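> Fold the following for me, if possible:
(one chain, ligands or ions: 1)
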Amino acid sequence: MPPMRARSTSSVAGVTPPRLRPALDRMGTYRPGRRPDAGQDLSRLASNETPYPLLPSVVTAISDALAGSNRYPDPAATVLTEALAAKHGVDVGRIAVGCGSVQLVQEVVEISCDAGDEVVYGWRSFEAYPTMTAIAGAVPVQVPLTHGHLDLPAMAAAVTDQTRLVLLCSPNNPTGPALAADAVKDFLEGVPDRVLVVLDEAYAEFVDDPLAVDGTRLLSSYPNLLVMRTFSKAYGLAGLRVGYAIAGTPEVATALRQVHLPFAVSVAAQAAALASLTVEDQLLARVAEIVAQREPLRRKLIEIGWDVPAAQGNFVWLPAGADSDRVAQVFEDHGVLVRCFTGEGLRITVATPRDSERVLAAAKAGLVPV
Ligand SMILES: *Cc1c(COP(=O)(O)O)cnc(C)c1O
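Here you go, the predicted model:
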């Protein structure tokens, strides 16, 4: 018999917890960003949320929908799916809507991997990738970044007969750079068609580099491509949980719908996403305000002495390395909550001009005196 695993979080003395999956031991536990106490004036820059509250018309659409929430939501999110299909000029059969794109990340692993199959992704990248790979019992193949950039040639070289899925993140969370369109095309040409390639474009609306990839333009040429987008970032609906995938081929979207948790996208979430699409211009104007601050903030951080990689999302990366915990504490002392990746660096959301000023003050104070 395999040895009994003693899990660290046994809560009742002397009680042996039920036997759970050994895969959980490899997963770690999610550490949520710190929430400010009531009345505390902190810049909340740890989770890449928008600083703007919902538009009034979106709030109205949600409250109108709530009155009918004694009924289950439309499991197919039909109206929202139609709107997204129209927006992207694809057939409805190629869209799958999920409870945030995090759920879709879980589902792409579920539809592609049996236990032991390999998932290739860059590292560091989005934290859901290792988590969802581990839940599925698949094998993570992590390809190191080069100066914050995904190394596509190395990722292509990491693909084996066991590879079922590649997860590309552009712009890469948490480091910032977007992939170039040409590089992604080369990558897709080099990877076998049987491998599902996901391009996670959670921050697509913040990208202003004309050479950067827009996955939706590649879908018609690469049936094994799947593009993921979300309403959590540019559309400001992080608290409502809606994301979607556009597949290069309808079979992949159908598979996603097969493994969906039924009714995962709530009535409120569907209404909010739909209403947001109708006021897209106003939301994209907000995005433009954030984008306008991003490069000046990055330049000033570089002037101060931080080596900040290209930033195409609504965040910048401070490679503080072994010093990260200390620097994160300096930020907190300056009233700024950031996401600290111990031993690697800090991810800082770009929000309001006032937030950027505080970031600069903290970044100056956080530099090690030479
Ligand atoms: C924020 C983010 C998402 C979006 O997650 P939701 O579940 O839609 O809120 C997806 N991918 C990346 C890389 C992200 O940073």
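
> Where does the stretch 251-370 of the chain get nearest to the ligand, residue-wise?
Across the stretch 251-370 of the chain, no residue is closer to the ligand than residue 313, which sits at 7.5 Å (C-beta to the nearest ligand atom). (Each C-beta comes from the backbone N, C-alpha and C, glycine too.)

> OK, contacts around the nearest residue to that residue once chain neighbours are set aside?
Once flanking residues are discounted, residue 313 sits nearest to residue 203: 3.5 Å by C-beta to C-beta, 6 or more residues apart in numbering. Counting by C-beta atoms under 8 Å, 6 or more residues apart in numbering, residue 203 makes contact with 48, 171, 173, 233-234, 312-314.

> Swap in 10 Å and give it another go.
By C-beta atoms under 10 Å, 6 or more residues apart in numbering, the contact set of residue 203 is 48, 169-173, 176, 178, 229-230, 233-234, 287, 311-315.

> Could you do residue 180 as well?
Counting by C-beta under 10 Å, 6+ apart, residue 180 makes contact with 149, 152, 170, 186, 209, 211-213.

> Residue 250 too?
Residues near residue 250 by C-beta under 10 Å, 6+ apart: 90-95, 223.

> Now do stretch 286-298: everything it contacts.
Stretch 286-298 is contacted from outside by 50-52, 55, 176, 203, 205-208, 233-236, 280, 284, 306, 308-317, 348-353, 355-357, 359-360, 363, using C-beta under 10 Å, 6+ apart.

> swap the cut-off to 7 Å and go again
Residues from elsewhere that reach stretch 286-298 (C-beta atoms under 7 Å, 6 or more residues apart in numbering): 50, 52, 205-206, 208, 234, 308, 311, 314, 316, 350, 353, 356, 359.

> Ok, stretch 307-322 next?
Taking C-beta under 7 Å, 6+ apart as the rule, stretch 307-322 contacts 48, 147-148, 171, 173-178, 203, 206-207, 209, 212, 233, 290, 294, 297-298, 301-302, 306, 327, 343-350, 363.

> just to revisit the earlier point, please pick the buried ones from the contacts of residue 203.
Among the contacts of residue 203, those classed as buried by 16 or more other C-beta atoms under 10 Å are 48, 169-173, 176, 178, 229-230, 233-234, 287, 311-315.

> So which of those are in helices?
Applying DSSP state H to the buried ones among the contacts of residue 203, the entries found in helices are residue 287.

> mean confidence score for the helix or strand hosting residue 339?
Assigned by DSSP states H and E, residue 339 falls within strand 336-341. Average pLDDT, strand 336-341: 97.

> Neighbouring strands - and their directions - for it?
Its sheet considered, strand 336-341 pairs with strand 43-45 (parallel), strand 345-349 (antiparallel) by DSSP bridges.

> Quickly check: it near the ligand or not.
No. Applying C-beta under 6 Å from any ligand atom, one finds strand 336-341 separated from the ligand by no less than 10.4 Å.

> residue in this protein nearest to the ligand?
residue 100 (2.4 Å).

> show me what contacts that residue?
By C-beta under 7 Å, 6+ apart, the contact set of residue 100 is 230, 232, 241-243.

> Of those residues, which is the most crowded?
Tallying neighbours with other C-beta atoms under 10 Å puts residue 242 at the head of the contacts of residue 100, with 30 neighbours.

> Phi first, then psi, for that one.
Here is the backbone geometry of residue 242 (degrees, to the nearest 10): phi -140, psi 130.

> Wait, it touches residue 268, no?
No. Using C-beta atoms under 7 Å, residue 242 is not in contact with residue 268, being 9.6 Å away.

> partner residues bridging residue 345?
Taking DSSP bridges, one obtains residue 341 as the residues bridged to residue 345.

> which stretches of the stretch 101-250 of the chain form strands?
118-123, 139-144, 163-169, 196-200, 225-230, 243-247 (DSSP state E, counting those that start in this stretch).

> what sits up against the second one?
By C-beta under 7 Å, 6+ apart, the surrounding residues in contact with strand 139-144 are 116-123, 130, 133, 151, 154-155, 158.

> That strand vs strand 163-169, what angle?
40 degrees (axes from the mean of the first three to the mean of the last three C-alpha atoms, to 10 degrees).

> Next, the angle from strand 139-144 to strand 118-123.
Going by the same axes, to 10 degrees, strand 139-144 makes 30 degrees with strand 118-123.

> avg pLDDT for strand 139-144?
The pLDDT scores in strand 139-144 average 98.

> what distance separates it from the middle of the whole chain?
17 Å (C-alpha atoms, centre = their mean, to the nearest Å).
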